[in-house]
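> Coordinates only, no sequence provided:
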């Protein structure tokens, strides 16, 4: 009976060793910036995720998605030790932003996760633009516009007489030839 329990324990030990199952913990996220479920009123320049282990220099992913389901990160991911960061474009939409990440460390399975933060956009102040006031003259026309109208009409009549004179002159020139 004793031999059976010893053999079972040894086989169980070999089974665990051969399958590569590790009881050691994997990579974990220590902190994020902005924090999980944080309320932000100023657009952050970047979003960071800090892990408990040194990250690989390649293969990590970090994206930020707006409430209208648009990417608002600039796509430039930076790895510095255990910190993964990505730059943000200017945030204009209030609401919950979703941050999705994939963290890769040496000799560990990738860690996939997400968190969200709330951005409260400042109210937009519309500049006070003066509206044009109606003119005091008749029918909204400027003062002096009737004088300008008479001058233009007089010039048109004068141009008509000059045109008639030139036509008559051209006619007499062609008849003489």
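The structure has been received and is ready for your questions. Everything quoted here is computed from the prediction, not taken from an experiment.

> When you work out contacts or count neighbours from here on, use the C-alpha atoms and nothing else.
Fine.

> Got the domain ranges for this protein?
27-119, 147-176 (automatic domain parsing).

> for this structure, what spans make up the strands?
29-33, 39-40, 46-51, 61-65, 73-80, 83-88, 95-103, 111-119 (DSSP state E).

> Distance to residue 158 added to those, as TSV?
Output for those, formatted as TSV (distance: least, C-alpha to C-alpha, whole Å):
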stretch	distance to residue 158
strand 29-33	79
strand 39-40	73
strand 46-51	73
strand 61-65	71
strand 73-80	68
strand 83-88	69
strand 95-103	70
strand 111-119	71
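
> So for residue 167, which of the ones you listed sits nearest?
The closest of the strands of the chain to residue 167 is strand 73-80. By C-alpha to C-alpha, the value is 72.0 Å.

> Name the residues of that closest one that are buried.
Residues 73, 75, 77, 78, 79 are the ones in strand 73-80 that count as buried (16 or more other C-alpha atoms under 10 Å).

> Please tell me the pLDDT value assigned to the second one.
To tie it back to what came earlier, the one meant is residue 75. At residue 75 the predicted local confidence, pLDDT, stands at 89.

> Spell out the residue ranges of the helices in this protein.
Secondary structure of the chain (DSSP state H): helices at 2-19, 145-176.

> Could you tell me the least trusted of the ones you listed?
helix 2-19 (a mean of 58).

> Please name the bridge partners of residue 78.
Legend: beta-bridge partners of residue 78 under DSSP bridges are residue 85.

> Am I right that it is in contact with residue 60?
No - using C-alpha atoms under 8 Å, residue 78 makes no contact with residue 60, being 9.1 Å away.

> Mutual contacts of these two, please.
The contact sets of residue 78 and residue 60 overlap at residue 84 (C-alpha atoms under 8 Å, 6 or more residues apart in numbering).
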